[in-house]
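> Need a 3D model of the following:
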Amino acid sequence: MTAVTERATQATAPARVPLHSPPLVRLLAALDDTGALPGVARPQASVGERLGQWLDWTDAIALSQTLNQVPPPPAHPVPAAHAAQRASTALARVRADCSRAILQDPVFQPDQRASADLGDIRRAAQARQRGMAAAIAPLRAQLRGLLAARSAPLAHLAALDATLDAALAERERHSLSSVVAQLEQQFQQGQQAGADHWRDAFFQSMQQLLLAELDLRLQPVQGLADALGEALGEAA
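Residues are numbered from 1 along each chain as shown. Okay, the predicted model is just below:
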């Protein structure tokens, strides 16, 4: 998340969205006319309540089995410093690559903005979403491997992350599709209003939304990297 995105998020976030909500939720709420975004959990809901809403019975069984099956310690534990450094480097590389792809997408360039239509907007947003998913999935698997090779408790965390990733993947795809829908709606509203410089404002908003989505998608990976960092601190 860039500083300019965070400042824009804070400036546009409506009062109805809790301040602790992810930046992507706040940005989408700022574009939403109804004040009720689908898929946004109630602020007072606990983690358990939210998981109960999101998991079907087969996913719940898989999660329960994972919780109750602690993996054995690795035969040759990877040094904490080595694992933490690899995780940090890989995460930084993917974040930088995906951010650059968003900022440098052809649809955002000044010579393309004036002629871009709704189809161009949809294709660009979906391409960036596919790019994020394609880059983050192997990164997340890589960090799970580093956790599993470090210690039994971290291997257990990696197994839990894999189970939750599989269980929530479809819900994530469905929820994030609202980003493209919101962008299409905003583009159409800008065309109809015909205000001065509306395209510049739209493309800035589009970039902010995609960067916020990247930040949200990377949160589980950041959590895995943080776990390795904590293991390094404990080993010191």
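
> just for the chain, where's the confidence low?
Applying pLDDT under 70 to the chain flags the ranges 1-22, 24, 27-28, 31-55, 57, 59, 235-236.

> all helices for it, in order.
According to DSSP state H, the chain carries its helices in the segments 3-12, 23-31, 47-54, 57-68, 80-103, 110-113, 118-148, 152-193, 198-235.

> Pick the most buried one from the ones you listed.
Highest mean neighbour count of the helices of the chain: helix 23-31, a mean of 21 (counted as mean count of other C-beta atoms under 10 Å). For every residue, glycine as well, the C-beta is placed using N, CA and C.

> now the helices of the chain as a markdown table including distance to residue 74?
Compiled in a markdown table, those are given as follows (distance: least, C-beta to C-beta, whole Å):
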| stretch | distance to residue 74 |
| --- | --- |
| helix 3-12 | 38 |
| helix 23-31 | 36 |
| helix 47-54 | 28 |
| helix 57-68 | 18 |
| helix 80-103 | 11 |
| helix 110-113 | 50 |
| helix 118-148 | 7 |
| helix 152-193 | 7 |
| helix 198-235 | 12 |
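
> what's the neighbour count on residue 70?
Using other C-beta atoms under 10 Å, the number of residues around residue 70 comes to 12.

> Against residue 61, how distant is it?
Counting by C-beta to C-beta, to the nearest Å, the gap from residue 70 to residue 61 is 18 Å.

> now swap in residue 199 and tell me
Applying C-beta to C-beta, the value for residue 199 to residue 61 is 50 Å.

> now the farthest one out in the chain, which residue is it?
residue 75 (33.5 Å; C-alpha atoms, centre = their mean).

> From residue 89, how far off is it?
Counting by C-beta to C-beta - residue 75 and residue 89 are separated by 25 Å.

> Contact partners for residue 164?
63, 220 (C-beta atoms under 8 Å, 6 or more residues apart in numbering).

> Would you check that residue 180 makes contact with residue 125?
Yes. Counting by C-beta atoms under 8 Å, residue 125 is a contact partner of residue 180 at 4.7 Å.

> dump the residue contacts of the closest residue to residue 222 other than its chain neighbours.
Nearest non-adjacent residue to residue 222, counting by C-beta to C-beta, 6 or more residues apart in numbering: residue 91, 6.8 Å away. Going by C-beta under 8 Å, 6+ apart, residue 91 touches 139, 143, 218, 221-222, 225.

> one more time with 10 Å, if that's ok
136, 139-140, 142-143, 218, 221-222, 224-225 (C-beta atoms under 10 Å, 6 or more residues apart in numbering).

> Export the residues you listed to a markdown table and append columns for distance to residue 170.
Formatted as a markdown table, the contacts of residue 91 follow (distance: C-beta to C-beta, whole Å):
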| residue | distance to residue 170 |
| --- | --- |
| 136 | 16 |
| 139 | 20 |
| 140 | 16 |
| 142 | 23 |
| 143 | 22 |
| 218 | 19 |
| 221 | 19 |
| 222 | 22 |
| 224 | 21 |
| 225 | 25 |
